[in-house]
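Participant: Have a look at this prediction, sequence included:
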Amino acid sequence: MSTQGQSTAAEARLEKDAIGLAPVLFQSITHMAPAAAVAFSIIFAVTYAGGATPLAVLLALVACLFVAISIGQLAKHLPSAGGLYTYNARALHPTVGYFVAWGFMLAEPLVAPLLYLIFGNVISVFLNSHFNTPTWLWAPLAALAGIGVWALVYRGVRLSTEAGVVMGAFEIVVFLALAITLIIAAGSKNTLSVFSPSTGNSSGLGSVFAGMVYTVLAFIGFEASLPLAEATRVPRRTIPRAVLLSCVLIGIFYLICYYAAMVYFGPGVAADPKNGFFAFNGGDPWDGLAAKVWGPFSILVLIAIVNSAFANSNAGANAATRVGYALGRVGILPRALAKVHPRYKTPYIAVHVQGALGIAIALVLGFALGGPLNAFALLGTIATIVIVIIYILTNLSNMVFYLREKRPEMNLILNIVVPVLGIIIFIPVLIAAFGIDFGGLGIASLTAPANYAPWCVLAWLAIGVVLFFYMNSRAPGRIQETATTFLEG
């Protein structure tokens, strides 16, 4: 190959060996948005699970831990910027990989706008309550967050992931300090009854499964380090460790926070529609709890939530653009998305598409649905449905891959028992996400606008089917290539 050809090939690749374990770990941690998840996602779980919300968190942790183990088993052999779609394509069938990729390209690009909405809403509500500013300020604030993330991701994975380490550490420290304060303040009210399914709710496990729709939502993103495999040092070891650690560490963090909140607030009244946890302090319960035990220092909680929303948006944009790059590389998406910036070594076309689209989604849905929180509810439910399906398929991929290709390495616990249990736990969560009651568990139907989510997912799937048949007739090799888009050596 000529020197010019070598230069061109090098420019077409992402930055190699740019980051180690800590930045990769915090790519997953910040993608989970610990503070924003505690303050927004999981509070919806309390309306169903009530005082048993810590149990809903624990079950979500176990389910996601099983997926993390399956991902780790697959990543040892298939590290790729394509992440979960590559695993499913190789282990199950390229067609399955295509539909996982199609689902991922619905869910992952929604993460950033979802958090732009939270960023804008939190600051807007604070300014409105203290300075009587107009409520529509959430919109320019959301756009501002989107522009900031756009710039960070464009400049390079090293800069954006290192920023994630700093921001992720801050929000975790603030909320852990608040949780410990609440546990101490609760005194004799500390109780393990919050891990009983019937504590403070109407339907026991039925209420807990419904709550798990939102506790699982809080975990989404622990696998976000996968698309950074091709920029990571020793990815076959680093990526599995980052996925597993992020799931365990943030799961424990969620448990501590919601144990503290429930025992301090009172598990028996947490689900009350008028005086319960969700309605406390005008729908902003964590700021209310902080004000009670920290006084003026409660401003730290606001800062942590805003910080979390921005850091999570950054991580989500990183993951989405790199999956767009991988899919563009094999031709499932336009090949322009695989173009790499000659200086920053980032998929800059994918970055620009994600940047503009993320801001547009946040603003359009925020206004169309009557406010940023309604848009958050819809986007979050869509993401949960899609990702839970992908997690189930990933567990299945773990089993099939080792049975078919790596039988000498197969471990009965890691490659059979763990994925089977993971699938079993996620099935009722998926059914609950569709708002379907089953087994007399008393699962409530979703309310608007979240009840639009299943229809949005089905519509996206229908479009994907049409595109699949079109692509398969015109260029079948593109579908097949999803099974081979991984690192060799």
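Facilitator: Sure, I can see it.
Participant: give me the element the residue lying closest to Arg335 once chain neighbours are set aside is part of.
Facilitator: Using C-beta to C-beta, 6 or more residues apart in numbering and skipping residues adjacent in sequence, the residue nearest Arg335 is Gly328, 5.3 Å away. Where C-beta positions appear, they are placed from N, C-alpha and C, glycine not excepted. Per DSSP states H and E: Gly328 is located in helix 299-330.
Participant: Quick check, the residue nearest to Arg335 in contact with Leu337.
Facilitator: Yes: with contact defined as C-beta atoms under 8 Å, Gly328 reaches Leu337; the gap is 3.1 Å.
Participant: Now list whatever residues contact both of those two.
Facilitator: Listed as contacting both Gly328 and Leu337 by C-beta atoms under 8 Å, 6 or more residues apart in numbering are Pro347, Ile349, Ala350.
Participant: before we move on, back to that, please say which of Gly328 and Leu337 ends up with more neighbours.
Facilitator: Leu337 (23 against 20; other C-beta atoms under 10 Å).
Participant: residues in contact with that one?
Facilitator: Leu337 neighbours (C-beta under 8 Å, 6+ apart): Gly324, Tyr325, Leu327, Gly328, Pro347, Ile349, Ala350, Val353.
Participant: Give me the neighbour count for the last one.
Facilitator: The tally of other residues near Val353 (other C-beta under 10 Å) stands at 20.
Participant: Could you measure from it over to Ala101?
Facilitator: Per C-beta to C-beta, to the nearest Å, Val353 is found 16 Å from Ala101.
Participant: wait, Leu363 sits on Leu141?
Facilitator: No: Leu363 lies out of contact with Leu141 (C-beta under 8 Å); the separation is 10.8 Å.
Participant: Put the buried members of the contacts of Leu337 into a ChimeraX selection.
Facilitator: Typed into ChimeraX, the line below selects the buried ones among the contacts of Leu337, using 16 or more other C-beta atoms under 10 Å:
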select :324,325,327,328,347,349,350,353
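Participant: Can you tell me which of the contacts of Leu337 is closest to Arg155?
Facilitator: Nearest to Arg155 among the contacts of Leu337: Pro347, at 12.7 Å, using C-beta to C-beta.
Participant: which stretches of the stretch 351-489 of the chain form helices?
Facilitator: Assignment of helices within the stretch 351-489 of the chain using DSSP state H, counting those that start in this stretch yields the ranges 372-404, 412, 418-433, 453-474, 476-481.
Participant: now swap in the stretch 101-250 of the chain and tell me
Facilitator: 138-155, 157-186, 205-219, 235-265.
Participant: which of those helices has the lowest average pLDDT?
Facilitator: Looking at the helices of the stretch 101-250 of the chain, the lowest mean pLDDT belongs to helix 157-186 (a mean of 78).
Participant: What's the separation between the residue lying closest to Asn281 once chain neighbours are set aside and Leu178?
Facilitator: Residue nearest to Asn281 in three dimensions, not counting chain neighbours: Gly288, with 2.7 Å by C-beta to C-beta, 6+ apart. To Leu178, Gly288 is 12 Å away according to C-beta to C-beta.
Participant: With neighbour numbers in mind, choose between these two.
Facilitator: Legend: neighbour count by other C-beta under 10 Å for Gly288 and Leu178, higher for Leu178 (25 against 16).
Participant: send the alpha carbons of stretch 134-150 over as PDB?
Facilitator: Extracted C-alpha coordinates of stretch 134-150, given in PDB (Å, rounded to 0.1, in the frame of the first residue of the first chain):
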ATOM      1  CA  PRO A 134     -41.300  32.600  32.300                       C
ATOM      2  CA  THR A 135     -41.700  28.800  32.200                       C
ATOM      3  CA  TRP A 136     -40.800  28.600  28.500                       C
ATOM      4  CA  LEU A 137     -37.200  29.200  29.400                       C
ATOM      5  CA  TRP A 138     -36.800  25.400  29.500                       C
ATOM      6  CA  ALA A 139     -36.600  25.500  25.700                       C
ATOM      7  CA  PRO A 140     -33.500  27.800  25.200                       C
ATOM      8  CA  LEU A 141     -31.900  26.100  28.200                       C
ATOM      9  CA  ALA A 142     -32.400  22.700  26.700                       C
ATOM     10  CA  ALA A 143     -31.000  23.900  23.400                       C
ATOM     11  CA  LEU A 144     -28.000  25.400  25.200                       C
ATOM     12  CA  ALA A 145     -27.300  22.000  26.800                       C
ATOM     13  CA  GLY A 146     -27.500  20.400  23.300                       C
ATOM     14  CA  ILE A 147     -25.100  22.800  21.800                       C
ATOM     15  CA  GLY A 148     -22.600  22.200  24.600                       C
ATOM     16  CA  VAL A 149     -22.800  18.400  24.200                       C
ATOM     17  CA  TRP A 150     -22.500  18.700  20.500                       C
END
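Participant: What residues sit buried inside the helix or strand hosting Ser70?
Facilitator: Using DSSP H and E, Ser70 falls within helix 53-75. By neighbour count with 16+ other C-beta under 10 Å, helix 53-75 contains the buried residues 53-61, 63-75.
Participant: Could you pull up the mean pLDDT of the helix or strand that that helix is followed by?
Facilitator: With elements assigned by DSSP H and E, the helix or strand that comes after helix 53-75 is helix 84-91. Averaging pLDDT along helix 84-91 gives 83.
Participant: Would you mind pulling up the elements that helix 84-91 packs against?
Facilitator: helix 53-75, helix 94-131, helix 299-330, helix 372-404 (3 or more C-beta pairs under 8 Å, 6 or more residues apart in numbering; DSSP states H and E).
Participant: returning to that earlier point: closest to Phe277 out of the shared contacts of Gly328 and Leu337?
Facilitator: Nearest to Phe277 among the shared contacts of Gly328 and Leu337 is Ala350, at 39.8 Å by C-beta to C-beta.
Participant: hmm, who's touching stretch 400-417?
Facilitator: Applying C-beta under 8 Å, 6+ apart, the contact partners of stretch 400-417 are Ile69, Gln73, Leu74, His77, Tyr87, Arg90, Ala91, Leu92, Asn398, Met399.
Participant: redo that, cut-off 10 Å
Facilitator: With contact meaning C-beta atoms under 10 Å, 6 or more residues apart in numbering, stretch 400-417 is reached by 66, 69-70, 72-74, 76-78, 87-88, 90-93, 96, 398-399, 418-419.
Participant: would you list the shared contacts of Gly328 and Leu337 in TSV and tack on distance to Pro273?
Facilitator: Output for the shared contacts of Gly328 and Leu337, formatted as TSV (distance: C-beta to C-beta, whole Å):
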residue	distance to Pro273
Pro347	46
Ile349	48
Ala350	43
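Participant: Mind checking which of the residues you listed are in helices?
Facilitator: Per DSSP state H, helices hold the following members of the shared contacts of Gly328 and Leu337: Ile349, Ala350.
Participant: Now stretch 396-406: buried residues?
Facilitator: By neighbour count with 16+ other C-beta under 10 Å, stretch 396-406 contains the buried residues Leu396, Ser397, Asn398, Met399, Val400, Phe401, Tyr402.
Participant: Turn these into a markdown table, including distance to Ile184 and pLDDT.
Facilitator: Output for those, formatted as a markdown table (distance: C-beta to C-beta, whole Å; pLDDT from 0 to 100):
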| residue | distance to Ile184 | pLDDT |
| --- | --- | --- |
| Leu396 | 45 | 96 |
| Ser397 | 45 | 95 |
| Asn398 | 42 | 95 |
| Met399 | 45 | 95 |
| Val400 | 49 | 95 |
| Phe401 | 47 | 94 |
| Tyr402 | 47 | 95 |
